[in-house]
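A.B. asks: below is the sequence, then the predicted model.
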Amino acid sequence: MSGWNIHLPATEYFELGLVQTQPEEAHKLLTFMNEMASQPRVAIDTETTGLVTWKDIPLYWSVAWPGKRATLHANMLQHFQAIFKQLKKDWIMANAKYDTHILANVGVNLAGRLVDTCVMHSLLYEDKPHGLKYMAQHLKGWTYGDFQDQFGKIGKLQSAEELIRRAEKENMSLLIEYAANDAWATWQVYEELRTQLQMAATHSLFRTTYPYIETLWDLFDKIEVPYTRVLWDMERAGIKVDRAHLERSEPEALQEIQRIEKDINHAVGFILNPKSPLQLRDYFFEKEGYPPIKWSKGGTTGVRNPSCDSMFLEHIAPKDEVARLVLKHREYSKLHGTYIKGLHDLLDPTDRIHTRFNQDVARTGRLSSATPNLQNVPRPENDKWGLRRAFIPEEGCEIIAVDYEQLEMRLLAAAALEPDMIGIFARGWDIHMGNAALMFNVPYEDLKSAKAIDKQVKSKQLPESAMTDYVHQCLEHRAAAKAIGFGLNYGMGAGKLGHSLNLSRADAQKKIDQYKATYPAVKQFFEEAVAETLRTGYSFTILGRRRNVIEIASHRKDERALGERIAINTQIQGSAADVCKMAQIHIANLDLVKHYGCRMLLQVHDELVFECPKENVKIAMEEIKELMEHPFSSDLAVHLAVDGGHGDSWGAAK
DNA sequence: TGTCCCGGCGCG
DNA sequence: AAAGCGCGCCGGGACA
């Protein structure tokens, strides 16, 4: 306990048997409950049977507030219901959604605010871990025993529950102390982080905040705390999956994969595992003697190997049967392993699936989604088995999916106050055509009709001869503008752009120059983003979230360039995340569940997915769209357009 | 059996 | 000389 100079109060312990048989214990409990009920903030933690949020239950729980720490048996939970139902209470937790799920699994619903110390920590130290043990050590200098060090490794052989059951018999006092330490550390860390957040001045990327945010504490208190509850509700609801769809697809996929494996072995003349990068390298570069076109990054070992990724395989595919087979194999085994089998393994008994939305992972302030990741489910055009159609509504409901149209580009135009780009959005133009029109001085109408002609030729409504040189040129202009529009947010260089457009590096550079000449305010915005990040060390988003970009001051040129790309991208990507986050909070406040039985289920960065009784789909969708378009108390210089659809599955809703 | 890293790839 | 941001998950392979 080095450096720990705060008084550590004795741990109180309560369990049902004791308070029912011993009057003095019952009296102590009453005093304790009264004190707890009067606390505005209580740190709370659970020791559980496992990590599955919809299934596992608490075995012990612990609480802490100034001067007090206690561990309680799970059999005491029901006696505290009146306190758990208090509306005006902050529950301080490390990884708040998890404990809230575990408690809900035994009918304990925390009515107050869910205050997550991990999220607090992530606002200040986004490049550090946010686990409780780490925070206690780094913020308070307190190192205390890790669960697995003291009670044994959790694994296949022994579950968390078994370890706790054994500790109950063999070392109950250690168990009580351990549980209390977690709550105590959570409280200490909370107080420290609150002070630090209050002292951390910040500002909006837009120089005006909506709502008004002066410090990181404001950001946490006004935005992140209510957002935790929104995410918890989504995780809790889960989304229904068509189990039969997965079970139908599984053997199909397996069969396709095995057929391809056979073909590969036949074609190469020996057993080759197409999932092994090692064996593929040996085959293509040693045996077949292809020249590599790309090398891997090396990672920690620094070993750079020639790459057999899809870029290489596609490059040789026209003349190489094995490459074509490996590409197909990759496609199908990805779908099988990650989505068909992966999703099936995580269904709950009602065929719903519960992702975890992480609020403290992405350095830009975006969410991440895990176990399973529902933010990377394949789009229909890349998915033979149509997995988005396996996400279905409950009986009598439909799925609603609403997404922002070019959110990041709209925010770029609004942040840069680029009048011509703002004009394109104001006219409701296709942004890529609009960019192309201004960059290459071509009438917008020509670009529009070129796209229409292309479509008609492809569907055989027009002869091939309709594709004149000029039409081709117009299509190329739009493609170039599109690639630049997306690429520049990421700091894409001329080499990469040239590759994606089949142009020389010099020609690609010319296009980039044309873009920057067309939009001087955007050019200036990028330069200012870099300059400010260099000056302050931080990149700021619209809600005043900040990211420390250490790379930008590096003496290494490539690292500095990375820092510049991060500085630009964080402002745009992070602000887009802010927009969606605000919309979600507003939507939750509307209480669509109460009014329409409509539940928010998923967030995929710029898309929200709902489940809604059929008869209310129209009205609910209108209200959702309205709030998504106006996430802040005042509107931005660019209208935030959204597009929505509904249907009998996620796949059908778009 | 469990853990780590790597190459590769799904999404926005 | 080269320079694409942000995530999470799978299987292979090395190692304890």
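C.D. replies: Arrived safely. Numbers count the residues shown, from 1 in each chain, chains lettered A, B, ... in the order given.
A.B. asks: so what's the residue in the stretch 1-150 of chain A positioned nearest to DNA strand C up against?
C.D. replies: Proximity to DNA strand C, evaluated over the stretch 1-150 of chain A using Cβ to the nearest atom of the strand, is greatest for A:Glu126 at 7.9 Å. No exception for glycine: its C-beta is placed from N, CA and C like everyone else's. Listed by Cβ atoms under 8 Å, 6 or more residues apart in numbering, the contact partners of A:Glu126 are A:363, A:547-548.
A.B. asks: A:Ile271 now?
C.D. replies: For A:Ile271, the contact set (Cβ under 8 Å, 6+ apart) comprises A:Asn265.
A.B. asks: check what pLDDT it gets.
C.D. replies: A:Ile271 carries a pLDDT score of 93 in this model.
A.B. asks: centre-most residue in chain A?
C.D. replies: Closest to where the C-alpha atoms of chain A average out (Cα atoms, centre = their mean) is A:Ser368, at 1.8 Å.
A.B. asks: ok, it touching A:Ala362?
C.D. replies: Yes. Counting by Cβ atoms under 8 Å, A:Ser368 does reach A:Ala362; the two are 5.4 Å apart.
A.B. asks: checking A:His555 next. Helix, strand or coil?
C.D. replies: coil (DSSP: H, G, I helix; E, B strand; the rest coil).
A.B. asks: mind checking pLDDT for it?
C.D. replies: pLDDT, A:His555: 92.
A.B. asks: spit out the contact partners of it.
C.D. replies: Applying Cβ under 8 Å, 6+ apart to A:His555 gives no contacts.
A.B. asks: show me what contacts A:Ala82?
C.D. replies: Contacts were defined as Cβ under 8 Å, 6+ apart; by that measure A:Ala82 touches A:Ala37.
A.B. asks: before we move on, which element is it in?
C.D. replies: Using DSSP states H and E, the element containing A:Ala82 is helix A:81-84.
A.B. asks: got it, and A:Tyr515?
C.D. replies: helix A:505-518.
A.B. asks: which among the contacts of A:Glu126 gets closest to DNA strand B?
C.D. replies: Nearest to DNA strand B among these, counting by Cβ to the nearest atom of the strand, is A:Arg363 at 11.4 Å.
A.B. asks: the strands in the stretch 151-300 of chain A, which residues?
C.D. replies: A:239-241 (DSSP state E, counting those that start in this stretch).
A.B. asks: where are the low-confidence patches of it?
C.D. replies: A:207-210 (pLDDT under 70).
A.B. asks: element containing A:Leu325, please.
C.D. replies: Here A:Leu325 sits within helix A:321-334, counting by DSSP H and E.
A.B. asks: list the buried residues in that helix.
C.D. replies: A:322-333 (16 or more other Cβ atoms under 10 Å).
A.B. asks: please produce JSON lines containing those, extended by distance to A:Glu162 and pLDDT.
C.D. replies: Shown next, in JSON lines, are the buried residues of helix A:321-334 (distance: Cβ to Cβ, whole Å; pLDDT from 0 to 100):
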{"residue": "A:Val322", "distance to A:Glu162": "49", "pLDDT": "96"}
{"residue": "A:Ala323", "distance to A:Glu162": "49", "pLDDT": "96"}
{"residue": "A:Arg324", "distance to A:Glu162": "50", "pLDDT": "96"}
{"residue": "A:Leu325", "distance to A:Glu162": "47", "pLDDT": "96"}
{"residue": "A:Val326", "distance to A:Glu162": "44", "pLDDT": "96"}
{"residue": "A:Leu327", "distance to A:Glu162": "46", "pLDDT": "95"}
{"residue": "A:Lys328", "distance to A:Glu162": "45", "pLDDT": "96"}
{"residue": "A:His329", "distance to A:Glu162": "41", "pLDDT": "95"}
{"residue": "A:Arg330", "distance to A:Glu162": "40", "pLDDT": "95"}
{"residue": "A:Glu331", "distance to A:Glu162": "41", "pLDDT": "95"}
{"residue": "A:Tyr332", "distance to A:Glu162": "39", "pLDDT": "96"}
{"residue": "A:Ser333", "distance to A:Glu162": "35", "pLDDT": "95"}
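A.B. asks: wait, which of those residues is closest to A:Ile619?
C.D. replies: A:Glu331 (40.8 Å; Cβ to Cβ).
A.B. asks: need the contact list for the closest one.
C.D. replies: A:382, A:384.
A.B. asks: got the CA positions of the least confident helix or strand in chain A by mean pLDDT in PDB?
C.D. replies: Least confident element among the helices and strands of chain A, by mean pLDDT, DSSP states H and E: helix A:147-151 (a mean of 85). Extracted in PDB, the C-alpha atoms of helix A:147-151 (Å, rounded to 0.1, in the frame of the first residue of the first chain):
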ATOM      1  CA  PHE A 147      -8.700 -10.800  -7.700                       C
ATOM      2  CA  GLN A 148      -7.000 -13.500  -9.700                       C
ATOM      3  CA  ASP A 149      -3.800 -13.200  -7.700                       C
ATOM      4  CA  GLN A 150      -5.600 -13.700  -4.400                       C
ATOM      5  CA  PHE A 151      -8.300 -16.200  -5.400                       C
END
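A.B. asks: so which elements touch that helix?
C.D. replies: Helix A:147-151 is packed against helix A:160-170, helix A:172-199, with contacts defined by 3 or more Cβ pairs under 8 Å, 6 or more residues apart in numbering; DSSP states H and E.
A.B. asks: what's the following helix or strand after the helix holding A:Ala82?
C.D. replies: Following helix A:81-84 in sequence, per DSSP H and E, is strand A:90-93.
A.B. asks: which residues does that following strand contact?
C.D. replies: Under Cβ under 8 Å, 6+ apart, the answer for strand A:90-93 is A:40-45, A:99-100, A:110, A:112-117, A:186-187, A:190.
A.B. asks: over to stretch A:508-528?
C.D. replies: Outside of stretch A:508-528, the residues within contact range by Cβ under 8 Å, 6+ apart are A:412-413, A:415-421, A:435, A:438-440, A:480-481, A:484-485, A:488, A:494-495, A:497-498, A:501, A:503, A:568.
A.B. asks: now these: which count as buried?
C.D. replies: A:412-413, A:415-418, A:420-421, A:435, A:438-440, A:480-481, A:484-485, A:488, A:494, A:497-498, A:501, A:503, A:568.
A.B. asks: related to what we said a few turns ago, nearest to A:Asn95, out of the helices and strands packed on helix A:147-151?
C.D. replies: Closest among those, using Cβ to Cβ: helix A:172-199, at 9.7 Å.
A.B. asks: show me how far that closest one is from its chain's centre.
C.D. replies: Relative to its parent chain, helix A:172-199 has a centroid offset of 27 Å by Cα atoms, centre = their mean, to the nearest Å.
A.B. asks: buried residues in that helix?
C.D. replies: By neighbour count on 16+ other Cβ under 10 Å, the buried set for helix A:172-199 is A:175-194, A:196-197.
A.B. asks: restrict the residues you listed to contacts with DNA strand C.
C.D. replies: Subset of these in contact with DNA strand C: empty, counting by Cβ under 7 Å from any atom of the strand.
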